[in-house]
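Participant: sharing a sequence plus its predicted fold:
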Amino acid sequence: MNIDTLRTDGFVTVQYPPNLRTLVMTAMASWQAFCKLPPEEKSKLSQQTDRTVDFGYMRRTDQGKAADDKELFHLVGKNLPQIYRQAADIADPRATLFIKAIDALLRESAPLVREFAHEVERVYHLTGFEDEVMSSQDNWTFRLLHYFGGAKILAYRHPDRKGFTLHLNESAPGGEYLGFDHIWRPWTVSEKQTIIFPSMELQYRSAGMLKALWHQILSTPETIHTGRYAMVAFIDFRHSHRVEGRTQDFEPGFNYDIPFEEFRKVFVPRP
Ligand SMILES: [Fe+2]
């Protein structure tokens, strides 16, 4: 894997190995099938009793600047046994098929994640980084999104918080990234390729050598009516610090040119 474009564009484009491509497409199709289940069935995969538990099925209707009207699903490896038990309570087989598809994707994407972490460790001399990533596999989060449309901005501009992000698949265009020249450009995610980019904690871990990429999702004339499906993976690793506050509230690209001593001020130690 050649990660040279991290310096120039802020992300790398990776062609899918055939087996992974098949799993990505299967997972996307099963997410779309799951979304068609009645709301009361879908909510059986939510954690309704505890709003702080951020996994399973969620329906968001936030208002304001970072308005979000979407349904989403978080699958975290460590929660798989519980989600399988919950899915078994849903009579429609689409629920369990959906969990199985994401489970398979979680396992089979590991070599690609390792390859990226390996190259980052080698090129940027981040000793131990590959091991830190791979020993955190139970905390990687696969996020499946369904935006209902209607709004001009589907995801307000932000950098991601954790280690790095794989944009695995999108049902339509509309994703844009902020280049290091502070110009917004569309990105290309297709059935054949994914993009991988650093998030805030990797910028910290690399003492500012890698930059957390700002991105946003806009509606197109089509998706404003039809809505949009997407699938991403947030690759976590154990890190001493976390971002304080909402990344949407920072100035776009604030982290591209500032010294590390300034950048680290938006972090607080993990308890
Ligand atoms: Fe994001």
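Facilitator: Received, thanks. Numbers count the residues shown, from 1 in each chain.

Participant: not counting sequence-adjacent ones, nearest residue to Ala33?
Facilitator: Of all residues not flanking Ala33 in the chain, Arg94 sits nearest, at 4.8 Å (CB to CB, 6 or more residues apart in numbering). Using the backbone N, CA and C atoms, a C-beta is placed for each residue, glycine as well.

Participant: let me see the contact set for that neighbour.
Facilitator: The contact partners of Arg94, by CB atoms under 8 Å, 6 or more residues apart in numbering, come to Ser30, Ala33, Phe34, Lys36, Leu37.

Participant: Gly253 and Trp214 touch, don't they?
Facilitator: Yes. Gly253 sits in contact with Trp214 when judged by CB atoms under 8 Å, with a separation of 5.8 Å.

Participant: now do Arg185 against Ala95, distance only.
Facilitator: Separation of Arg185 from Ala95 (CB to CB, to the nearest Å) stands at 38 Å.

Participant: again, but for Phe116
Facilitator: From Phe116 to Ala95 the distance is 31 Å (CB to CB).

Participant: for those two, indicate the residue with more neighbours.
Facilitator: Ala95 (25 against 22; other CB atoms under 10 Å).

Participant: report the contact partners of the more buried one.
Facilitator: Phe34, Leu37, Glu41, Lys44, Leu45, Ala87.

Participant: figure out the helix or strand that it lives in.
Facilitator: helix 94-108 (DSSP states H and E).

Participant: and that helix, C-alpha only, in PDB?
Facilitator: The C-alpha trace of helix 94-108 is given here as PDB (Å, rounded to 0.1, in the frame of the first residue of the first chain):
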ATOM      1  CA  ARG A  94     -33.100  -9.700   7.700                       C
ATOM      2  CA  ALA A  95     -32.100  -8.600  11.200                       C
ATOM      3  CA  THR A  96     -29.700 -11.500  11.900                       C
ATOM      4  CA  LEU A  97     -28.500 -11.600   8.300                       C
ATOM      5  CA  PHE A  98     -27.600  -7.900   8.700                       C
ATOM      6  CA  ILE A  99     -25.500  -8.500  11.800                       C
ATOM      7  CA  LYS A 100     -23.800 -11.500  10.200                       C
ATOM      8  CA  ALA A 101     -22.800  -9.400   7.200                       C
ATOM      9  CA  ILE A 102     -21.200  -6.700   9.400                       C
ATOM     10  CA  ASP A 103     -19.600  -9.300  11.600                       C
ATOM     11  CA  ALA A 104     -17.900 -10.800   8.500                       C
ATOM     12  CA  LEU A 105     -16.800  -7.400   7.300                       C
ATOM     13  CA  LEU A 106     -15.300  -6.500  10.600                       C
ATOM     14  CA  ARG A 107     -13.200  -9.600  10.600                       C
ATOM     15  CA  GLU A 108     -12.200  -9.600   6.900                       C
END
